[in-house]
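**Q** structure, please.
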Amino acid sequence: MNSNNPNHGKSNDSAKKISKSPKQQRRNKDRFKPQEEQTKPKRLIKKPIFEKPAPTTTEGKSVVGADGERIQKVLSRGGLGSRREIERWIEEGRFKLNGKLVALGDRLKQGDYLQLNDRVVNWEKFAIQPTRVLLYHKPTGEVVTRRDPEGRPVVFTQLPKLTTARWISVGRLDINTSGLLLVTNNGELANKLMHPSTQVEREYAVRILGDVSEATLETLKKGVELEDGVAKFDEIHFYGGEGANKWYHVIVSEGRNRLVRRLWESQELIVSRLTRVRYGPVVLPERLKTCTFYELTDKELDLLFEFAGLERNEPEAVSVKVETNRKDARKR
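**A** Sure thing, here's the model as predicted:
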């Protein structure tokens, strides 16, 4: 018998406990990585993380004060729709508050009875719901929609379930574009980050087939007339490449449909790969694999609210951690 055997002298039961499959060993290795190695928060927000006072509200308490809060603000925070959508529904007479039609400016107070299309809205759940923001690494082939009539995979089936709201995507990525997709349960935050007046920067890594002249790059930065108006890249940076393929990083400040592809194609250039690597201050983590997501920590949420120009007056999330959607990390 080999005396160097680490299980020598131990019972069979103990040996079984020690022996783990390679899959279990990888899981345990990931589970017990240092927190700072897992999250890498300084790569997610391009701004130093700093301490802020803890929120004054506590978990389970409503953030709606004695004077109430505007209906569209409460419902958009709960993900029922954007403020603009909810204001339109109010103007269309679809809401009733305590049996009376709602007007713009009406406020919700504790105990109020709200209906949308004559169906009860349990709005108090929205009033106590903490904001969550996920960074999802979208692969090519997935669609940013809730249901696809063609049966293609959709991003929302890859995300954790919410009990009182729904996930809202901050912008979209087309089926052939991969990379960073922000999703949140806070409609107000989503609307602020997407609104044209905010002009949030989006950065993409793009692989071009063929050579690109300096004159072409200058044209793309000055502006090109597209079918829906003039568009341009705010910045273009060459990132290398050999042979037929060249990599560039480009920055745009608007979210028009397929804008990056259309700009390159206007110069008769072929985009062979496109990945979003940044949205505003949020960067796609290098170690975040496709079909997985990362949830922003409480401190990172503070910075994102500050960037959006919003006040974060809400309960603090019970727990925030890195999560991996392991069932969807399979080969496609």
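
**Q** who does the lengthiest strand in the chain pair up with?
**A** Ordering each strand of the chain by length in residues (DSSP state E) puts strand 270-279 first. Here strand 270-279 has these sheet partners by DSSP bridges: strand 178-184 (parallel), strand 202-209 (antiparallel), strand 282-283 (antiparallel).

**Q** let me see the mean pLDDT of the next helix or strand after the first one.
**A** If you walk from strand 178-184 toward the C-terminus, the next helix or strand you reach (DSSP states H and E) is helix 187-194. Along helix 187-194, the predicted confidence averages to a pLDDT of 88.

**Q** from the contact counts, what lies against helix 187-194?
**A** Under the contact definition 3 or more C-beta pairs under 8 Å, 6 or more residues apart in numbering; DSSP states H and E, helix 187-194 sits against helix 71-77, helix 83-91, strand 168-170, helix 298-308. No exception for glycine: its C-beta is placed from N, CA and C like everyone else's.

**Q** just want the angle from that helix to strand 178-184.
**A** 140 degrees (axes from the mean of the first three to the mean of the last three C-alpha atoms, to 10 degrees).

**Q** contacting residues around helix 187-194?
**A** Contacts to helix 187-194, defined as C-beta atoms under 8 Å, 6 or more residues apart in numbering, come from residues 73, 75-84, 131, 133, 168-171, 182, 184, 198, 200, 255, 279-280, 304-305, 308-310.

**Q** would you write a ChimeraX line that selects the buried entries of the residues you listed?
**A** Listed next is the ChimeraX selection for buried residues among the contacts of helix 187-194, using 16 or more other C-beta atoms under 10 Å:
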select :73,75,76,77,78,79,80,81,82,83,131,133,168,169,170,171,182,184,200,255,279,280,304,305,308
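
**Q** any idea of the pLDDT on the closest residue to residue 222 other than its chain neighbours?
**A** In space, and not counting its chain neighbours, residue 222 is closest to residue 232: 6.4 Å by C-beta to C-beta, 6 or more residues apart in numbering. Residue 232 is assigned 95 on the pLDDT scale.

**Q** could you measure from the residue nearest to residue 187 when sequence neighbours are not counted over to residue 107?
**A** Counting by C-beta to C-beta, 6+ apart, residue 187 lies nearest to residue 76, which is 3.6 Å off, once chain neighbours are set aside. Residue 76 sits at a distance of 14 Å from residue 107 (criterion: C-beta to C-beta, to the nearest Å).

**Q** same question for residue 129.
**A** Residue 129 is 18 Å from residue 107, by C-beta to C-beta.

**Q** same check, this time on residue 190
**A** 22 Å.

**Q** next: residue 94.
**A** Relative to residue 107, and taking C-beta to C-beta, residue 94 is found at 18 Å.

**Q** can I get the strands paired with strand 270-279 in CSV with distance to residue 142 and mean pLDDT?
**A** Shown next, in CSV, are the strands paired with strand 270-279 (distance: least, C-beta to C-beta, whole Å; pLDDT from 0 to 100):
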stretch, distance to residue 142, mean pLDDT
strand 178-184, 9, 96
strand 202-209, 17, 95
strand 282-283, 19, 95
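
**Q** can you list those in CSV and add distance to residue 250?
**A** Compiled in CSV, the strands paired with strand 270-279 are given as follows (distance: least, C-beta to C-beta, whole Å):
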stretch, distance to residue 250
strand 178-184, 13
strand 202-209, 5
strand 282-283, 15
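
**Q** closest to residue 263 out of those?
**A** strand 202-209 (9.7 Å; C-beta to C-beta).

**Q** dump the helix or strand just after the closest one to PDB, keeping only the CA atoms.
**A** Using DSSP H and E, the helix or strand that follows strand 202-209 in sequence is helix 214-222. Backbone C-alpha positions of helix 214-222 (Å, rounded to 0.1, in the frame of the first residue of the first chain) are rendered in PDB as follows:
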ATOM      1  CA  GLU A 214      -7.600  57.800 -43.400                       C
ATOM      2  CA  ALA A 215     -10.000  59.700 -45.600                       C
ATOM      3  CA  THR A 216     -12.800  57.200 -44.800                       C
ATOM      4  CA  LEU A 217     -12.200  57.500 -41.100                       C
ATOM      5  CA  GLU A 218     -12.300  61.300 -41.300                       C
ATOM      6  CA  THR A 219     -15.600  61.100 -43.200                       C
ATOM      7  CA  LEU A 220     -17.100  58.800 -40.600                       C
ATOM      8  CA  LYS A 221     -16.100  61.300 -37.900                       C
ATOM      9  CA  LYS A 222     -17.400  64.300 -39.700                       C
END
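
**Q** list the contacts of residue 212.
**A** Applying C-beta under 8 Å, 6+ apart, the residues contacting residue 212 are 246, 248, 267, 269.
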